[in-house]
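Participant: Using only what follows, build the 3D model:
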Amino acid sequence: MTADPSAPLVTILDDEPAIRAMLSDALEEAGFRTMSFGRATEFEAALQSATPDVCLVDLSLPDKDGLTLVHRLALEQGATVIIISGRAQVQDRITGLELGADDYIIKPFDPTEVVARVRARLRRGQPQQQSGNTASFSGWTAHFDSYLLEDETGDKTPMSHAEGQVLRLFLERPKRLISRAVMQEILGGAAGESFDRAMDVRISRLRTKLKEDPKNPRLIKTIYGAGYIFLGDVSWR
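Facilitator: Numbering: from 1, shown residues only. Reported below is the predicted structural model:
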């Protein structure tokens, strides 16, 4: 079947032929165009004439460092980048997301999950109406019309307006580094130590309400000297 030339193009960079074939088959069956590469140099050469909508990048490449490539793709190409890696440590995920990746998938994976993640990223890149007032993530539901946090059992915890503003900022930008400067620009207020202290207090209170381990939070991660990353998957309605 000939691919629709207007279909989104997904590039696959992985040194394992079986993985490249599996991903290509799944994505093409779902209606995407694909291009596959086993080496970073081949991939970079193809970028001179092709503009992918989504780049799937393995971190363990035979000829170049995958994280460096991810960073350059995000900064110079403005590409949507999804890392696919066998590195399952939280710090690896944080580093990849901090360097500009839009998502991180751990091997082994189900190819249907990759297709779903690609579709989700393409939807997020399209112009959308303003987010709704209810967001679900990691077993929680945030109701921004009433400033309530609801857990899986239905128990509800009130949020202050200020806490709700910070949480909404994270939920509208999941898995992206949010610097203090960006927070100050969006949330307003005078920059400096007073703003930083206010953010620290709000984030600490949110972590408590989300029942996070203060020494090792799983959702709102602090990237020291850079900002914060929210690691949960989010759906709005």
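Participant: what's the average pLDDT for the longest helix anywhere in the chain?
Facilitator: Criterion DSSP state H: the longest helix present in the chain is helix 193-209. When pLDDT is averaged along helix 193-209, the result is 86.
Participant: List the buried residues of that helix.
Facilitator: 195, 198, 199, 202, 203, 206, 207, 209 (16 or more other Cβ atoms under 10 Å). Where C-beta positions appear, they are placed from N, C-alpha and C, glycine not excepted.
Participant: now stretch 211-221
Facilitator: Buried positions in stretch 211-221, judged by neighbour count with 16+ other Cβ under 10 Å: 212, 217, 219, 220, 221.
Participant: follow-up on the earlier one: got the contact list for the longest helix of the chain?
Facilitator: Residues from elsewhere that reach helix 193-209, judged by Cβ atoms under 8 Å, 6 or more residues apart in numbering: 149, 157, 159-160, 162-163, 166-167, 180, 183-184, 189, 214, 217, 219-220, 228.
Participant: Where does the prediction get shaky in this structure?
Facilitator: Scanning the chain for pLDDT under 70 picks out 1-3, 74-79, 124-131, 189-192, 194.
Participant: How is it partitioned into domains?
Facilitator: 9-124, 134-236 (automatic domain parsing).
Participant: which of the ones you listed sits most buried?
Facilitator: Counting by mean count of other Cβ atoms under 10 Å, domain 9-124 has the highest mean neighbour count of the domains of the chain, with a mean of 17.
Participant: now that domain, how far from the centre of its chain.
Facilitator: 13 Å (Cα atoms, centre = their mean, to the nearest Å).
Participant: Restricting to C-alpha, output the longest helix of the chain in PDB.
Facilitator: The C-alpha coordinates for helix 193-209 follow below in PDB (Å, rounded to 0.1, in the frame of the first residue of the first chain):
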ATOM      1  CA  GLU A 193      14.000  35.600  46.200                       C
ATOM      2  CA  SER A 194      10.400  36.300  47.200                       C
ATOM      3  CA  PHE A 195       9.000  34.700  44.100                       C
ATOM      4  CA  ASP A 196      11.300  31.700  44.500                       C
ATOM      5  CA  ARG A 197      10.300  31.200  48.100                       C
ATOM      6  CA  ALA A 198       6.600  31.500  47.100                       C
ATOM      7  CA  MET A 199       7.100  28.800  44.400                       C
ATOM      8  CA  ASP A 200       8.900  26.500  46.900                       C
ATOM      9  CA  VAL A 201       6.100  26.800  49.300                       C
ATOM     10  CA  ARG A 202       3.400  26.100  46.700                       C
ATOM     11  CA  ILE A 203       5.200  23.200  45.200                       C
ATOM     12  CA  SER A 204       5.900  21.700  48.700                       C
ATOM     13  CA  ARG A 205       2.200  21.900  49.500                       C
ATOM     14  CA  LEU A 206       1.200  20.400  46.200                       C
ATOM     15  CA  ARG A 207       3.600  17.500  46.800                       C
ATOM     16  CA  THR A 208       2.100  16.900  50.200                       C
ATOM     17  CA  LYS A 209      -1.500  16.900  48.800                       C
END
